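Peer 1: this is a predicted model, with the sequence first.
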Amino acid sequence: MTSLADIAGVGADPRRGGYSRHGFDRVELELRSWFTEEAGRRGLSVECDRNGNLWAWWGAPGDGAVVTGSHLDSVPGGGAFDGPLGVVAALEAVDVLRARGFVPGKPFAVVVFAEEEGGRFGVACLGSRLLTGAISADAALRLSDSDGVTLAEAVRSAGLDPSRVGPDAEALRRIGVFVELHVEQGRGLVDLGAPVGVASSILAHGRWRFSISGEGNHAGATLMVDRRDPMVAAAQVVLAARRAATAVEGARATVGRLIPNPGGTNVIPSSVDLWLDARADDDARTRAVVAEITAVASEVAAEEGCVVTVSEESYGDTVVFDVGLRDSVSGVLGGVPALPTGAGHDAGILAGHVPTAMLFVRNPTGVSHAPEEFAEADDCAAGVVALASVLEELAR
Ligand code: GLV
Ligand code: MN
Ligand code: MN
């Protein structure tokens, strides 16, 4: 059987801790080869679609398939489970079904979506967004990583044709139903004493870039009264994010990335870019939080003699997973708990197009997007068996 231990050494990040595995980088390409090999060992035939998503077919490819899987990329310094657990569980579920003597009565595929975290090109769920048309090919191909490499260049060097990147009606038609297993990113299942649950909903969420420009100058020679320091404005934006989200029930706002230019200890930066991740129960609340932070940003930038521009880099409204599917999944599993999540997933992108469900596996630390993310082997095994049972029912 395949296990997470097989890829434990791939993309380990000694500087940050955890794993740094990003869309189409050397590490992710190695993981793709590993997946292709594992799928091949099972007699699954692997195809890469126009947007870099991998499909391993059990039997002949076809429309209306039962599809399961997740992603192999991570956030910078992420945990071992977010993404890979869903891929490994999908492969193991095939093993379990085979051992049960099951043969799918419908097309059946294991999928690996590309660049789910947006850790390299900034837009989360890039592979599924491109496939469904939630982002245009032009906008996506222009995205660039921190070294200035564009998505167009990255996909080309991964052997794909950038001119074919974009909405893929054929791939979408092939998905009849999608089930993604994922490590829980919270302690809901710990509190409920349950190893496995189903997802009920995903918060509305998005990413906004705040670019603040001021005047680069000397840290020692520039009097305090003479400064137009974008870092001072940026610091107040960070605090405004905390305040704005705290004022709206259920909202979250995070600044996890901030880049001063040029970035020297003895240099007043000429500009600062920071990225806001904001989430809330619905569109109105999310937009209200972002509007409040944007208003503060304009005010504090003006006070500092700086200029700020704000651009939305990605957005997704609240997702409520297909209730009928969720109930039947829960039924197959003997009535497991349903939990909402604040984390985004490819399943959330697909939910606007096809019936979609998610299974969560208990995470004793409750931590995710950090090396402490964890799931016990027994709970992962329970997740695999649960996934296999759900897929068996769907693919009968
Ligand atoms: C992805 O895991 C996200 O929620 O940002
Ligand atoms: Mn994640
Ligand atoms: Mn994930």
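Peer 2: Here it is on my side, so go on. Numbers count the residues shown, from 1 in each chain. Ligands and ions are numbered 1, 2, ... in the order given.

Peer 1: hey, let's count contacts and neighbours off CA atoms from now on
Peer 2: Fine.

Peer 1: which parts of the stretch 201-350 of the chain are strands?
Peer 2: Secondary structure of the stretch 201-350 of the chain by DSSP state E, counting those that start in this stretch: the strands cover 204-213, 217-218, 252-261, 267-268, 271-280, 307-316, 319-320, 338-341.

Peer 1: contact partners for the residue in the stretch 201-350 of the chain that ligand 3 sits nearest to?
Peer 2: Closest residue of the stretch 201-350 of the chain to ligand 3, CA to the ion: His345 (5.7 Å). By CA atoms under 8 Å, 6 or more residues apart in numbering, the residues touching His345 are Glu116, Cys125.

Peer 1: and Glu37, how many residues sit next to it?
Peer 2: For Glu37, the number of neighbouring residues by other CA atoms under 10 Å comes to 14.

Peer 1: what's the answer for the one 4 residues further on, then?
Peer 2: Per other CA under 10 Å, the neighbour tally for Arg41 reads 10.

Peer 1: again with Arg15
Peer 2: For Arg15, the neighbour count with other CA under 10 Å is 9.

Peer 1: before we move on, which element is it in?
Peer 2: Per DSSP states H and E, Arg15 falls between elements, in no helix or strand.

Peer 1: can you tell which of the strands of the stretch 201-350 of the chain is closest to Gly352?
Peer 2: Taking CA to CA, strand 319-320 is the member of those nearest to Gly352, at 8.0 Å.

Peer 1: contact partners of the closest one?
Peer 2: Counting by CA under 8 Å, 6+ apart, Ser200, Ser201, Ile202, Leu203, Ala204, Gly348, Ala351 sit against strand 319-320.

Peer 1: next one: the last one from ligand 1, what distance?
Peer 2: Summarising the geometry, the distance separating Ala351 from ligand 1, computed by CA to the nearest ligand atom, to the nearest Å, is 15 Å.

Peer 1: nearest residue to that residue in space, ignoring adjacent ones along the chain?
Peer 2: Phe321 (6.6 Å; CA to CA, 6 or more residues apart in numbering).

Peer 1: who touches the nearest residue to Ser146 once chain neighbours are set aside in this structure?
Peer 2: Using CA to CA, 6+ apart and skipping residues adjacent in sequence, the residue nearest Ser146 is Arg120, 7.4 Å away. Going by CA under 8 Å, 6+ apart, Arg120 touches His22, Gly23, Ser144, Asp145, Ser146.

Peer 1: ok now the longest helix along the chain, how far from the chain's centre?
Peer 2: Ordering each helix of the chain by length in residues (DSSP state H) puts helix 283-303 first. Distance, stretch centre to chain centre, for helix 283-303: 25 Å (CA atoms, centre = their mean, to the nearest Å).

Peer 1: buried ones in that helix?
Peer 2: Across helix 283-303, burial judged by 16 or more other CA atoms under 10 Å covers 283, 285-287, 289-290, 293-294, 296-301.

Peer 1: got it, and stretch 185-203?
Peer 2: If you call a residue buried by 16+ other CA under 10 Å, then stretch 185-203 has these buried ones: 185-186, 188-190, 195-203.

Peer 1: what's the farthest-apart pair in those residues?
Peer 2: Maximum distance among these (CA to CA): 22.7 Å, for Pro195 and Leu203.

Peer 1: up against ligand 1, what does the stretch 1-150 of the chain have?
Peer 2: Within the stretch 1-150 of the chain, the positions near ligand 1 by CA under 6 Å from any ligand atom are Glu117.

Peer 1: those residues of the stretch 1-150 of the chain touching ligand 3, which are they?
Peer 2: Asp82, Gly83 (CA under 5 Å from the ion).

Peer 1: so which residues of the stretch 1-150 of the chain form strands?
Peer 2: 45-48, 54-58, 65-71, 108-113.

Peer 1: mind listing which of the buried residues of stretch 185-203 are in helices?
Peer 2: Those of those lying in helices (DSSP H): Gly188, Leu189, Val190.

Peer 1: for the second one, give me the pLDDT.
Peer 2: Same thing as Leu189. Leu189 is assigned a predicted lDDT (pLDDT) of 98.

Peer 1: so how far is ligand 1 from Ala301?
Peer 2: Ala301 sits at a distance of 28 Å from ligand 1 (criterion: CA to the nearest ligand atom).

Peer 1: just Ser70 next, same as before
Peer 2: Distance from Ser70 to ligand 1, by CA to the nearest ligand atom: 11 Å.

Peer 1: use 531 as the first number for this chain going forward.
Peer 2: Okay, residue one is now 531; in that scheme the one you just asked about reads as Ser600.

Peer 1: what number of residues lie near the closest residue to Pro799 other than its chain neighbours?
Peer 2: Distances taken as CA to CA, 6+ apart place Gly746 nearest to Pro799, at 4.8 Å, with adjacent residues excluded. Neighbourhood size, Gly746 [other CA under 10 Å]: 17.

Peer 1: Gly746: what's it in contact with?
Peer 2: Contacts of Gly746 by CA under 8 Å, 6+ apart are Arg758, Asp759, Val797, Ile798, Pro799, Ser800, Ser801.

Peer 1: and the residues you listed, which two are furthest apart?
Peer 2: Maximum distance among these (CA to CA): 12.2 Å, for Arg758 and Val797.

Peer 1: so, low pLDDT: which residues of this structure?
Peer 2: Residues of the chain that meet the criterion pLDDT under 70 lie in 531.

Peer 1: and it, split by domain according to the record?
Peer 2: Structurally, the chain divides into domains by automatic domain parsing as follows: 532-733+848-924, 735-846.

Peer 1: and the ones you listed, which is most packed in?
Peer 2: domain 532-733+848-924 (a mean of 20; mean count of other CA atoms under 10 Å).

Peer 1: what about that one, how long is it end to end?
Peer 2: 23 Å (CA to CA, to the nearest Å).

Peer 1: then stretch 666-678?
Peer 2: Stretch 666-678 has its terminal residues 20 Å apart, counting by CA to CA.

Peer 1: then stretch 670-687?
Peer 2: One end of stretch 670-687 sits 16 Å from the other (CA to CA).

Peer 1: got phi/psi on the residue lying closest to Ala538 once chain neighbours are set aside?
Peer 2: What sits nearest to Ala538 in space, not counting adjacent residues and going by CA to CA, 6+ apart, is Ala610, at 7.5 Å. The phi/psi pair for Ala610 (degrees, to the nearest 10) reads phi -80, psi -10.

Peer 1: good, wrapping up.
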